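# sequence first, then the predicted structure, then my questions.
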Amino acid sequence: MAIHEAVLHYVATGDLGLMRKVRRWLPPRWLRLWMVWATRAGDGWLWGAIGLAIALFGDADRWRALEASAASGAAGILLFQCLRRLADRRRPCEIEPHCWAELLPPDRFSFPSGHSLTAFAVSVSLALFFPSLAVALFLAAASVAASRILLGMHFLSDVLAGSVLGATLGYVAFLWLG
């Protein structure tokens with residue numbers, strides 16, 4: 001077995017083990033509500049609301065910040081659409097039904113997490129322009145990413161890959177437009 005095959009096997013085994021533990025766990029109601037809210041917020045409306053607030057109340061850098069976040073978000077969407085078709089990985093909820101979440105996935109592809117990628121692309125680019133918002137932005141992005149695992153939509157490796165790719169795109173957009 002080649003090294004890359006061994007690494008992929010190790011990651012897949014870990015992903016399946018964590019998926020089964022999460023599937024059997026019934027978190028407190030407040031956490032379930034938070035995760036459903038976070039995943040819905042990650043559908044795009046939260047980032048739009050943050051962008052509107054920055055457009056209305058931001059400082060002189062607001063337009064460059066919004067351009068950077070829009071560019072990184074758009075690049076992220078294009079990137080995860082391409083990678084999903086290449087990876088062709090099934091979602092955890094297709095392998096085993098989730099015990100407490102009844103959300104339907106937007107498509108059948110799992111790798112990488114588009115919600116995580118977009119959340120970190122937008123959050124990193126905006127946080128670099130507005131450091132005072134960094135904690136709130138990263139809490140929102142981390143909540144979106146965690147929700148994708150806890151709701152059975154993605155494996156841990158899908159979310160980690162999406163988060164790293166998104167953060168990288170956000171940083172590059174900041175360098176480019178900042």
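Cool, the structure landed. Worth saying up front: this structure is predicted, and the values here are computed from it rather than measured.
# the longest helix anywhere in the chain: which residues count as buried?
Counting by DSSP state H, the longest helix found in the chain is helix 62-87. Neighbour counts over helix 62-87 (16 or more other Cβ atoms under 10 Å) mark 62, 64-66, 68-73, 75-76, 79-80, 83-84 as buried. The C-beta positions use only the backbone N, C-alpha and C, and glycine is treated the same way.
# elements contacting it?
helix 45-57, helix 114-129, helix 156-177 (3 or more Cβ pairs under 8 Å, 6 or more residues apart in numbering; DSSP states H and E).
# what's the angle from that helix to helix 45-57?
If you take axes from the mean of the first three to the mean of the last three Cα atoms, to 10 degrees, helix 62-87 sits at 160 degrees to helix 45-57.
# contacts for the helix or strand following helix 62-87, please.
Remark: after helix 62-87, the chain's next helix or strand is helix 92-95, criterion DSSP states H and E. By Cβ atoms under 8 Å, 6 or more residues apart in numbering, the surrounding residues in contact with helix 92-95 are 15-16, 19, 23, 98, 105, 108, 110, 152-155.
# and stretch 128-141, by the same measure?
Residues outside stretch 128-141 that contact it (Cβ under 8 Å, 6+ apart) are 38, 41, 46, 50, 54, 58, 61-62, 64-65, 68, 116, 119-120, 122-123, 126-127, 163, 166, 170-171, 174, 178.
# mind redoing it with 6 Å?
61, 65, 119-120, 123, 126-127, 174 (Cβ atoms under 6 Å, 6 or more residues apart in numbering).
# and what of stretch 109-116?
Stretch 109-116 has contacts (Cβ under 6 Å, 6+ apart) with 42, 80, 83-84, 87, 89, 91, 144-145, 148, 154, 158-159, 161-163.
# who wins on neighbours among the residues you listed?
His154 (31 neighbours; other Cβ atoms under 10 Å).
# show me what contacts that residue?
His154 makes contact with 110, 113, 148 under the criterion Cβ under 6 Å, 6+ apart.
# name the element the last one belongs to?
Using DSSP H and E, Arg148 sits within helix 134-150.
# for that helix, list every residue counted as buried.
The neighbour-count check on helix 134-150 (16+ other Cβ under 10 Å) flags 137-138, 140-150 as buried.
# what angle sits between it and helix 114-129?
Inter-element angle recorded for helix 134-150 and helix 114-129: 170 degrees (by the same axes, to 10 degrees).
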